[in-house]
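*Asks:* Compute the structure for the input listed below.
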Amino acid sequence: MQTGGPLRAGVSTQLACFTAEGIIRAQVRGNHKGICHPPGVVLHAYCRWAFLQGIEVEKMRRRWNSYGDDVWPDGWLAGVPALAERRGSAPATVTALSRIEEGHERIATTSRGCHALTRSLPVAVTGIGGIAQASELAALTHGDTAAQAATRHAAILAHHCLTNSAPERGPFPYSGRSARDVLHAGITDLASESQRIAEGEHNRLVAAFRHAVDEPADAGRLARLAPDATAPSALLGGLYTAASFPDRAQFRAALDFAAGAPDGDSVACVTGALLGAVHGVEALPVDLVSRHELAWVLDTLARDLLMEFEDSPSGSEYVPGWDPHWWHRYPGW
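*Replies:* Alright, predicted model coming up:
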């Protein structure tokens, strides 16, 4: 990481932006049309990213704007210049999207890559009902079942951290619960019958957590838990790191340690998501957030995602909305 100057967003952050936007647009569509398949709306979001990147431009135009009557790609996010710049490689996602004319049920690769997970973390905000589709979001481009399971489990843990981090007493959230306590409860909850987690997968999560308690912040252990750039590695490495640095004051140290993993980007992404969900946005290192080129974009998406689920600014089929610009910002398709 550079010691000074702006911090540039990578491809995983770009894709996560379009996941968040796609989730908002799916919710808007459901409110106004009464029926929606959210993974299909999120796939459309990834195609807008691909178009901006110059990937199979004509295929994307034929699939989504074949008559050319409207401005496409639409929505405010398509106007962010940094999202149109190449910022790293996402081979499985690009390969799958390049097959878009074959139909979304047939385009997925066999990849186990970490982007299936890291780009899908915003789904944690939607609640358990929405999280049930996390595997489907991964499966749009990554056909490996282990990648899909890791994506779902990461989203469930992040949601648990978001909704169970406040202490039982006290006026303010994020005021003292250790991430280790919250994560332990989340892993225990994953074992419930309703979550349908395989015994082997749950055992690996339990082992990663136990290693964090018994031998925290061990670089060798991190490398063994997260040896590569796959979704299961990102989940196990992020869980181990978050549980190794459970306190709010350790946030920066956790990110630095996670970055030392064989694929530090994906492990640090999951680490930051879990710890951020426990401790709140105020715990993020200000010197890093203020340098991030997409800080405003990410914050706006986060706020709008929450607002859409809590208040539906564009209204619904039968109820008028209070924000006349919301549909233009987030067209429901």
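
*Asks:* quick one: low-confidence parts of the stretch 101-250 of the chain?
*Replies:* 166-176, 193-195 (pLDDT under 70).

*Asks:* Mind jotting down where the helices sit in it?
*Replies:* Here the stretch 101-250 of the chain has its helices, by DSSP state H, counting those that start in this stretch, at 115-118, 128-131, 134-139, 145-164, 179-190, 199-214, 219-225, 231-244.

*Asks:* Which residue, neighbours along the chain excluded, lies closest to Gly264?
*Replies:* In this structure, Gly264 finds its nearest non-sequential neighbour in Ala258, 6.2 Å apart by C-beta to C-beta, 6 or more residues apart in numbering. All C-beta spots, glycine's among them, are computed from the backbone N, C-alpha and C.

*Asks:* In contact with the closest residue to Leu205 other than its chain neighbours, which residues are there?
*Replies:* Leaving out its chain neighbours, the residue that sits closest to Leu205 by C-beta to C-beta, 6+ apart is Ile187, at 5.2 Å. Neighbouring residues of Ile187 by C-beta atoms under 8 Å, 6 or more residues apart in numbering: 157, 202, 205-206, 209.

*Asks:* if you set the cut-off to 10 Å instead, what comes out?
*Replies:* In this structure, Ile187 makes contact with 153, 156-157, 160, 197, 202, 205-206, 208-210, 239, 243, judged by C-beta atoms under 10 Å, 6 or more residues apart in numbering.

*Asks:* do the same with Ala253
*Replies:* In this structure, Ala253 makes contact with 217, 241, 244-245, 247, judged by C-beta under 10 Å, 6+ apart.

*Asks:* Most neighbours among those residues, which one?
*Replies:* Most neighbours among the contacts of Ala253, by other C-beta atoms under 10 Å: Thr241, with 32 neighbours.

*Asks:* Please list all residues in contact with that residue.
*Replies:* For Thr241, counting by C-beta under 10 Å, 6+ apart, the contacting residues are 208, 212, 216-217, 222, 225-226, 253-261, 267-268, 270-272, 274-275.

*Asks:* ok, and the closest non-adjacent residue to Arg329?
*Replies:* If you skip the residues right next to it in sequence, Arg329 has Trp76 as its closest partner in space, 4.9 Å away by C-beta to C-beta, 6+ apart.

*Asks:* That neighbour touches Val297, doesn't it?
*Replies:* Yes - if you go by C-beta atoms under 10 Å, Trp76 and Val297 touch, sitting 9.4 Å apart.

*Asks:* between those two, which one's more packed in?
*Replies:* A count of neighbours by other C-beta under 10 Å puts Val297 above the other of Trp76 and Val297, at 20 against 15.

*Asks:* where's that one, which helix or strand?
*Replies:* Taking DSSP states H and E as the definition, one finds Val297 inside helix 295-311.

*Asks:* what helices or strands is the helix or strand following that helix leaning on?
*Replies:* Of the helices and strands lying after helix 295-311 in sequence (DSSP H and E), the nearest is helix 326-329. Contact here means 3 or more C-beta pairs under 10 Å, 6 or more residues apart in numbering; DSSP states H and E; on that basis helix 326-329 packs against helix 11-33, helix 295-311.

*Asks:* What are the buried residues along stretch 155-169?
*Replies:* Counting neighbours by 16 or more other C-beta atoms under 10 Å, one finds that the buried residues in stretch 155-169 are 155-162, 164-166.

*Asks:* would TSV of these with distance to Cys114 be doable?
*Replies:* Formatted as TSV, the entries for these read as follows, by distance: C-beta to C-beta, whole Å:
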residue	distance to Cys114
Ala155	14
Ile156	17
Leu157	16
Ala158	15
His159	19
His160	21
Cys161	19
Leu162	21
Asn164	25
Ser165	25
Ala166	30
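
*Asks:* Out of these, which two are the most distant from each other?
*Replies:* Considering C-beta to C-beta, no two members of the buried residues of stretch 155-169 lie farther apart than Ala155 and Ala166, which are separated by 19.8 Å.

*Asks:* Excluding chain neighbours, give the residue nearest to the residue most central in space within the chain in space.
*Replies:* Centre of the chain computed as the mean C-alpha position; nearest residue by C-alpha atoms, centre = their mean is Leu121, 2.1 Å away. Of all residues not flanking Leu121 in the chain, Ala273 sits nearest, at 5.0 Å (C-beta to C-beta, 6+ apart).

*Asks:* Equivalent analysis for Arg48, please.
*Replies:* Arg48's closest residue in space is Pro73 (C-beta to C-beta, 6+ apart), at 3.9 Å.

*Asks:* Show the backbone phi and psi for that neighbour.
*Replies:* Listed backbone geometry of Pro73 is phi -70, psi 140, with angles given as degrees, to the nearest 10.

*Asks:* ok, back up a step: of all the helices and strands packed on helix 326-329, which gets the most neighbours per residue?
*Replies:* Using mean count of other C-beta atoms under 10 Å, the stretch among the helices and strands packed on helix 326-329 with the largest mean neighbour count is helix 11-33, at a mean of 23.

*Asks:* Point out the other helices and strands that that helix packs with.
*Replies:* Helix 11-33 makes packing contacts with helix 38-53, helix 91-97, helix 115-118, helix 128-131, helix 134-139, helix 264-279, helix 295-311, helix 326-329 when contacts are defined by 3+ C-beta pairs under 10 Å, 6+ apart.
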